[in-house]
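Visitor: Return atomic coordinates for the entry below.
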Amino acid sequence: MAKKPKILIVGGAGYVGGCLTDMLVSQEFQVTVYDNLTYEDRFCKEAPFIFGDIRHYKTLKKIANQFDIIIWLAALVGDGACAINPALTEEINVAPVRHMLTYYKGKVIYVSTCSVYGMNSRLLDESAEVKPLSHYAETKLKAEQLILAKRKNALVFRFGTLFGLGDCYARPRFDLLVNHWSGKAARGEPLTVLGGEQWRSFLHVKDAASALMFGVAHNLRGLYNVSGANSKIRDIAGIIKTVVPQIRIEYGNMKVNDMRSYRISSQKLRALGWSPRLTLTDGIAEVVRAAQEGRIKNPDAPLYSNADYLKSKVL
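Guide: I've put the predicted structure just below:
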């Protein structure tokens, strides 16, 4: 039996990294997490942990080549968070990737975003034109292009908009549309849909982690879209109403600032054997249940929103 690779998850204490770490550990991979705990104040998992910032170049360079694979999750994530300080976003989302490629000799697995497609009415595969509309999408595109240009064996996943709950320790996110509306519904608050004809591709956070697991297990390389379901924004509210029938949905015609609209094909990855297991309804139901049971005391707290939390921090 082939020896399993040693894996360093950079940014492994976060929303995706939390459940990915659990999955890899459960399959007896040698996993180490490297993270600066931006949104956390502790790391409780039974996996080796290194506290560090990706801007600490000497620290990361010193350890990187001890690992066969680096899974790079660390980034400022989301349009709002990245708009706070565009120069800092470049410093975090692009420069450390460029530097890592100068010294690391192993395999790189990088998580990008379907936001790079911007606005497009067609069903989009990996060959589709990219039209990033935000600094977040621009920096993720720059980083993935650097990696694919430098490493023939690299793997890049473009994830759809995430939703659902991951592991038991990492902070859930309520700045993501499905989770945000599910939290509001759990509290009996109306959902306000502005426009709503925009398409988005959605992916449960656990399915995102399972795709990364699949990529490791099958030694994939290249660029892949990863999505679960394509849905119009207005239809998300309708799905939430099937879980919380008493909620009120309000529709408005105000112009929205976020012009993204895209439908994603993940057929390239699905043809290899990966498929999502969790639906929008599954994710909505678990978030609603957690909020109604009081497991998440205040989903509107700044901690659960990347942009709101970072506005009060000096990174």
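Visitor: only C-alpha atoms for contact and neighbour calcs from this point on.
Guide: Noted.
Visitor: I'd like to know which helix or strand in the chain has the lowest mean pLDDT.
Guide: Every helix and strand of the chain was ranked by mean pLDDT, DSSP states H and E. The lowest is strand 249-252, at a mean of 87.
Visitor: That strand pairs with which strands?
Guide: Paired strands of strand 249-252, with direction, are strand 191-194 (parallel) (DSSP bridges).
Visitor: Go ahead and name everything in contact with the helix or strand just after the partner strand.
Guide: Using DSSP states H and E, the next helix or strand after strand 191-194 towards the C-terminus is strand 199-204. Residues from elsewhere that reach strand 199-204 (CA atoms under 8 Å, 6 or more residues apart in numbering): 114, 159-165, 226-233, 260-264, 276, 278-280, 283.
Visitor: Export strand 199-204 to CSV, keeping only CA atoms.
Guide: Taking C-alpha atoms only, strand 199-204 is exported to CSV below (Å, rounded to 0.1, in the frame of the first residue of the first chain):
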residue,chain,number,x,y,z
TRP,A,199,-28.1,33.0,-10.9
ARG,A,200,-25.6,31.6,-8.4
SER,A,201,-23.9,28.2,-8.0
PHE,A,202,-24.1,26.9,-4.4
LEU,A,203,-22.0,24.3,-2.6
HIS,A,204,-22.3,22.9,0.9
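Visitor: Return the distance of the least confident helix or strand of the chain from the chain's centre.
Guide: In this view, strand 249-252 has its centroid 28 Å away from the chain centroid, taken as CA atoms, centre = their mean, to the nearest Å.
Visitor: can you check stretch 139-157 too?
Guide: A distance of 16 Å separates the centroid of the chain from that of stretch 139-157, by CA atoms, centre = their mean.
Visitor: Could you do stretch 59-73 as well?
Guide: Distance, stretch centre to chain centre, for stretch 59-73: 20 Å (CA atoms, centre = their mean).
Visitor: Using PDB, list the CA coordinates for it.
Guide: Output in PDB follows, covering the C-alpha atoms of stretch 59-73 (Å, rounded to 0.1, in the frame of the first residue of the first chain):
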ATOM      1  CA  THR A  59       8.200  30.800   9.100                       C
ATOM      2  CA  LEU A  60       6.300  29.100   6.200                       C
ATOM      3  CA  LYS A  61       9.400  28.600   4.100                       C
ATOM      4  CA  LYS A  62      11.200  26.900   7.000                       C
ATOM      5  CA  ILE A  63       8.500  24.200   7.200                       C
ATOM      6  CA  ALA A  64       6.900  23.900   3.800                       C
ATOM      7  CA  ASN A  65       9.100  21.300   2.200                       C
ATOM      8  CA  GLN A  66       8.500  18.900   5.100                       C
ATOM      9  CA  PHE A  67       5.100  18.200   3.400                       C
ATOM     10  CA  ASP A  68       4.200  16.500   0.100                       C
ATOM     11  CA  ILE A  69       1.100  18.600  -0.400                       C
ATOM     12  CA  ILE A  70       0.100  22.100   0.600                       C
ATOM     13  CA  ILE A  71      -3.700  22.800   0.500                       C
ATOM     14  CA  TRP A  72      -3.900  26.600   0.400                       C
ATOM     15  CA  LEU A  73      -7.100  27.900   1.900                       C
END
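Visitor: Report the buried residues of that stretch.
Guide: 60, 61, 64, 67, 68, 69, 70, 71, 72, 73 (16 or more other CA atoms under 10 Å).
Visitor: cool, and stretch 187-196?
Guide: So, applying 16+ other CA under 10 Å, buried residues of stretch 187-196: 191, 193, 194, 196.
Visitor: Let's have those in JSON lines, adding pLDDT.
Guide: Below are the buried residues of stretch 187-196 laid out as JSON lines (pLDDT from 0 to 100):
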{"residue": "191", "pLDDT": "94"}
{"residue": "193", "pLDDT": "91"}
{"residue": "194", "pLDDT": "84"}
{"residue": "196", "pLDDT": "80"}
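Visitor: nearest to residue 287, of those?
Guide: Proximity of the buried residues of stretch 187-196 to residue 287 (CA to CA) peaks at residue 191, which lies at 15.3 Å.
Visitor: Verify the contact between the closest one and residue 249 for me.
Guide: Yes - using CA atoms under 8 Å, residue 191 is in contact with residue 249, at 4.8 Å.
Visitor: Now list whatever residues contact both of the two.
Guide: In contact with both residue 191 and residue 249: residue 237, using CA under 8 Å, 6+ apart.
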